[in-house]
Every structure is written in C-alpha cells, then in structure tokens.
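[1] give me coordinates for this.
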Amino acid sequence: MLVMLAIVAVVFAACVAAWWPAPIVAADTAGYQVAGRDIADGSIDALQLRPPGYPFLLALTGSTDQPTTALLVVQLICYLMAVWVLTVQLTHYVSDRWPVVGLLVVGLLPPFVEQAAVALTEAPTALLLSVGVAAYMIYLRRPSFGLTLTGSCLLAVSSLFRPTYQLLAPSLATAVFVVMWSGVHISSDDRPTRRRLAAHLLLTPMIMTLVVVGGLSTFNFAKFGYFGVTPLVGWNLATRTSTFVQHLPDRYARERAVLVQARDETLVSNDQHTAGNYVYSARQQIVDGLGLSGVDLHKHMLEMQVHLILSKPDRYMLEVGRASGIYWLPMFEDVIDEGSPLLRYMYALVHVVVVALFFLQLAVTLTIAIARGREGLLTARGLLACWLAIGAVLYTYTVSVTFDTGNPRFNDPVQPLMLFATAFGLHAVPQIRSRWLPTKRIITLPDASEDVLNTADDGVARTVT
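    Got it, this is the predicted structure:
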C-alpha cells in the first residue's frame with residue numbers, strides 16, 4: 001500500500017512539473033469564470049448558464065480571470081485521490097494483486113490524468129463520483145447511516161459541477177434497493193433487517209437530491225423565474241436536433257429560419273464541418289434573430305426542442321445512435337503530447353483497449369450475475385460493488401448521448417470507475433474458466449500393459465488397459 005501511495009506521489013510531482021504553472025484554458029472555461037466572478041463578488045444578480053460548483057472552486061483558487069497553479073494542484077489531487085480511493089476498494093473484492101496494480105498503473109497514464117490539466121469540471125467531479133460510489137461500496141460491507149449520507153451527499157453535490165448527475169444517486173440507490181429487497185444476501189442479517197437497510201439506502205439519496213438539486217432549482221426560480229440547475233437544457237437538446245431543425249412547424253417559422261441559417265453557416269465555417277454545436281457558436285445570432293433574452297429565451301428554446309423531438313422521434317433516435325458511437329472514442333488535448341502524432345496513436349490505442357476490456361467485463365459480470373443461482377463464483381457484495389461502478393458509467397453514457405452531443409470528454413469523470421469495473425470483471429475470468437470449463441487430467445493406472453487414452457463424460461482423461 002505504501003508503495004502504491006509513493007507511486008501516486010511521484011506522478012503528482014511529475015504532472016505539476018510538466019504542466020506548470022496552470023491548467024490550460026478550454027472553450028467552456030470562460031463560462032465558468034463568469035459565474036465564478038459573480039460568486040467571488042458575492043452578488044449573484046443574473047441567472048448563470050453554469051451551475052455553481054466549479055465556479056466556486058475557481059473563486060476559491062483565484063482562477064476567475066486566469067487559471068492558477070492552485071487550481072492545477074487541486075485538480076490533480078482530485079483525480080489522483082479518485083483513482084487511489086477506488087484502488088483501495090478493489091483490494092477488498094479481489095484476491096490477486098494484478099487487478100489492483102493494473103487499475104493503479106492504467107489510471108495514472110497520461111491519457112487519463114490529462115483531465116486534471118484542463119480548467120474544466122472533470123477532475124473534481126471524478127473525485128465526488130468515485131468517493132460517493134466508494135461510500136456505497138463500503139456500505140455493502142458495513143451498513144451505516146453515515147456511509148449512506150456521505151455517498152448520497154457527494155453524488156448530489158456532483159450535480160452542482162455537472163448537471164448530468166442530478167439523478168445519479170437515486171438511480172444507483174434504487175438499483176441496490178431492488179437487489180436487497182429481493183433477498184440477495186449481501187450481509188448476515190435476517191431478511192427484515194436487510195429490507196430495512198434497503199429502504200434506508202433508498203430514502204437517503206432521494207432526500208439529499210431533493211435538498212441539493214431541489215434547493216438550487218428553487219433558488220433560481222425564486223430569484224430569476226427559472227426552475228432548474230441550469231438553463232442550458234434546451235440548448236443541449238438543440239445539439240440532438242441540428243439535422244432536422246428545418247422540420248419545426250409553421251408556428252415557429254421565424255425561429256426555424258434563424259436556427260436553419262445559424263446551422264448552415266456553422267456547418268461551413270466550423271473547422272470540423274459539423275453543426276452539432278451550432279447553437280453555442282451562433283448563440284448571439286440566435287438571440288438577435290429571435291428577439292428574446294434571459295429566462296424567456298431559455299424557456300422558449302426548451303419548448304421548441306421538446307416539440308421537435310416529440311414530433312420526430314425517429315430522427316432524434318438516429319442522432320442519439322450517432323452520438324453513442326462517438327462517446328466511446330478517444331479525444332485528447334495537446335497538453336499531454338504536444339501535438340505528437342505518434343503519442344496520439346499510442347494514447348488512442350490505450351483508450352480503445354480499455355473500452356474494449358470494459359465491455360468484455362460487462363459480459364463477464366452479467367453472466368456471473370445471471371448464473372449466481374447455481375454457481376457462487378463471486379460474493380454478492382463484490383458483484384454489486386462492481387455494478388455500482390458500471391451503473392455510474394452507463395448512466396453517464398445514457399444522459400450524455402440523449403441530452404447532448406456525446407462528446408468523449410463527458411466520459412472523463414467516470415473513467416476511474418470504468419477502470420475499477422474492468423479490473424474487477426477481468427479478475428473473474430479465470431474463475432469462470434476453472435468453474436465451468438472441464439479440466440483434463442491424465443491418470444495412469446498401475447500395471448497397465450497397453451495404454452489407450454479415453455475421455456470420460458466428466459472431462460477427465462484416463463488411461464485404461
């Protein structure tokens with residue numbers, strides 16, 4: 001354990017030295033800095049596009065104008081702690097050392113640590129998600145109210161950094177509740193006690209989500225007339241309708257003309273010649289064309305996009321399908337490779353291998369879960385801990401491709417959890433092989449004058465005379 005901690009410390013020092021003095025600025029950083037300046041001034045007088053979690057961190061580290069070294073250090077600590085916490089948890093569920101070492105080593109590779117070098121929400125969110133899910137994992141071994149409260153609070157707070165996670169805590173808690181209520185033995189308690197713990201686990205995340213998400217939404221409604229964590233929902237959905245926005249009905253004729261023109265211009269001017277994010281690059285053009293601003297604009301945009309999606313569900317599902325493929329692909333910033341094509345190929349290969357192994361372990365753990373009725377390959381606690389991590393990964397994927405472009409960057413916060421699930425699932429492969437595949441053993445009988453090799457029905461090879 002001390003050796004692994006020393007490795008993390010060395011990686012931290014190397015990253016600080018390599019990326020000194022501050023994280024790089026991304027396209028979305030400016031929006032968080034605007035909100036951060038409002039928080040730093042103590043005057044929240046406008047509805048911000050971004051939730052307050054990351055802007056508060058920017059204000060705390062003095063990064064509301066330019067990212068600082070303090071922000072770089074904090075983000076590195078966040079990501080490395082996320083990997084470390086899950087590595088420690090893995091030691092409770094696997095008997096071999098190689099899955100633990102694999103999780104730690106791969107998690108500390110540049111393609112994964114890179115998210116901490118960009119002034120965006122990914123690294124702090126990764127810590128909140130990893131520790132929150134880890135608290136639930138510990139709860140499976142030692143049920144207590146403190147663990148439930150800690151996990152629920154951290155997962156709820158993660159929605160203040162990335163609104164994607166507004167419903168993560170209730171979703172995971174509901175899944176665990178169903179498993180525990182069905183009578184799966186994850187503890188030695190009797191069935192009434194297990195069901196009481198299950199109900200306890202279900203209610204706490206819901207209450208914390210209502211307090212955090214509902215509290216911020218109520219504040220926004222009372223002060224600005226908009227109920228929600230962020231007013232960008234309609235704009236995000238517009239990225240799913242960019243290819244069929246021309247099908248808006250005639251009652252939206254003016255809006256349709258403005259949006260189609262903005263999309264077509266973005267399609268030509270964008271360096272990738274795609275128009276998925278046209279609403280962001282042409283936002284001012286849309287504001288001027290529609291003659292709306294503030295809360296009215298956000299509400300109107302949401303109303304249009306919902307109407308368009310409901311009227312063209314097949315086109316919407318086509319866009320979701322396209323985003324599903326993009327989501328799992330590699331995408332890196334120049335900060336880790338300084339533009340080197342060779343390193344990009346190497347990092348892309350690592351990313352593709354990790355994703356492929358994740359889906360392999362998904363099949364493995366699902367097979368074990370189905371077969372547990374007759375083959376106790378793994379403990380219910382271990383299997384459920386793995387599926388908590390898998391659930392967070394799949395939840396992120398689902399929300400990212402249904403409400404937004406499915407940008408591969410959206411997968412960054414759950415990469416430590418994806419590595420945890422992959423290491424756990426691959427550890428189970430040898431157990432499946434040894435339990436379900438027959439092993440042939442040659443047994444030589446004494447005084448055999450003529451050896452003839454036969455194979456019995458039980459898969460054991462014997463030599464008989």
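[2] going by C-alpha atoms from here, please, whenever you check contacts or count neighbours.
    Fine.
[3] show the pLDDT at the most centrally placed residue in the chain.
    Centroid check for the chain by C-alpha atoms, centre = their mean gives residue 414 as the closest residue, at 3.2 Å. Model confidence at residue 414, given as pLDDT, is 97.
[4] show me where pLDDT drops low in the stretch 351-465 of the chain?
    369-380, 430-465 (pLDDT under 70).
[5] same question, the stretch 51-200 of the chain
    For the stretch 51-200 of the chain (pLDDT under 70), the answer is 180-195.
[6] for residue 173, which non-adjacent residue is spatially closest?
    Of all residues not flanking residue 173 in the chain, residue 202 sits nearest, at 5.1 Å (C-alpha to C-alpha, 6 or more residues apart in numbering).
[7] quick one, what contacts that neighbour?
    170, 173-174, 177 (C-alpha atoms under 8 Å, 6 or more residues apart in numbering).
[8] residue 115: which of those residues is nearest?
    residue 170 (26.7 Å; C-alpha to C-alpha).
[9] now do the buried residues in the helix or strand hosting the closest one.
    Assigned by DSSP states H and E, residue 170 falls within helix 168-181. Neighbour counts using 16 or more other C-alpha atoms under 10 Å place 168-177, 179-181 of helix 168-181 among the buried residues.
[10] go on, stretch 92-102?
    93-94, 99-100, 102.
[11] okay, how far is it across it, tip to tip?
    15 Å (C-alpha to C-alpha, to the nearest Å).
[12] residues in contact with it: which ones?
    So stretch 92-102 is contacted by 87, 90-91, 382, 423-424, 426-427 (C-alpha under 8 Å, 6+ apart).
[13] likewise stretch 105-116?
    8, 11, 23, 72, 75-76, 78-80, 83, 122-123, 332-333, 335-336, 347, 351, 412, 415-416, 419.
[14] okay, strands next: where are they in the protein?
    Secondary structure of the chain (DSSP state E): strands at 443-444, 452-455, 461-464.
[15] can you pull out the helices in the stretch 1-150 of the chain?
    2-19, 29-41, 53-60, 69-90, 98-107, 110-113, 122-141, 145-158 (DSSP state H, counting those that start in this stretch).
[16] for the ones you listed, which one ends up most surrounded?
    Highest mean neighbour count of the helices of the stretch 1-150 of the chain: helix 122-141, a mean of 25 (counted as mean count of other C-alpha atoms under 10 Å).
[17] that older thread, quick one: distance of the helix holding residue 170 to the chain centre.
    Here helix 168-181 is found 17 Å from its chain centre; the criterion is C-alpha atoms, centre = their mean, to the nearest Å.
[18] what does it rub up against?
    152, 155-156, 186, 194-195, 198-199, 201-202, 205-206, 209, 384, 388, 391-392, 395.
[19] please repeat the previous calculation with a cut-off of 6 Å.
    152, 155, 195, 198, 202, 205-206 (C-alpha atoms under 6 Å, 6 or more residues apart in numbering).
[20] re the thing from before, and the buried residues of stretch 92-102 as TSV, adding distance to residue 306?
    What follows is these, written out as TSV (distance: C-alpha to C-alpha, whole Å):
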residue	distance to residue 306
93	44
94	46
99	45
100	45
102	44
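[21] picking up where we left off before, show me which of the contacts of helix 168-181 is closest to residue 286.
    residue 155 (34.8 Å).
[22] who's in contact with that closest one?
    Contact partners of residue 155, counting by C-alpha under 6 Å, 6+ apart, are 129, 132, 169.
[23] swap in 10 Å and give it another go.
    Applying C-alpha atoms under 10 Å, 6 or more residues apart in numbering to residue 155 gives the contacts 125, 127-133, 165-170, 205, 208-209, 212.
[24] same question, residue 291
    Counted by C-alpha under 10 Å, 6+ apart, residue 291 has contacts 255, 285, 297.
[25] quick one: buried residues of the longest helix along the chain?
    Longest helix of the chain, by residue count under DSSP state H: helix 341-371. Buried residues in helix 341-371, counted by 16+ other C-alpha under 10 Å: 344, 347-348, 350-351, 354-355, 357-358, 360-362, 364-365, 368-369.
[26] greatest separation within these: which pair is it?
    344 and 369 (37.1 Å).
[27] my guess is residue 429 contacts residue 357. True?
    No: with contact defined as C-alpha atoms under 10 Å, residue 429 does not count as touching residue 357 (11.6 Å).
[28] re earlier: what's the angle from the helix holding residue 170 to helix 145-158?
    Here helix 168-181 runs at an angle of 140 degrees relative to helix 145-158 (axes from the mean of the first three to the mean of the last three C-alpha atoms, to 10 degrees).
[29] the residue nearest to residue 28 when sequence neighbours are not counted: what's it in contact with?
    What sits nearest to residue 28 in space, not counting adjacent residues and going by C-alpha to C-alpha, 6+ apart, is residue 120, at 7.4 Å. Counting by C-alpha under 10 Å, 6+ apart, residue 120 touches 23-30, 32, 54-55, 58, 75, 161.
[30] equivalent analysis for residue 135, please.
    Shown in contact with residue 135 (C-alpha under 10 Å, 6+ apart): 85, 89, 129, 146-152, 154.
[31] what pLDDT does the model give the residue nearest to residue 173?
    At residue 202, pLDDT is 82.
[32] and it, how far from residue 393?
    Residue 202 is 20 Å from residue 393, by C-alpha to C-alpha.
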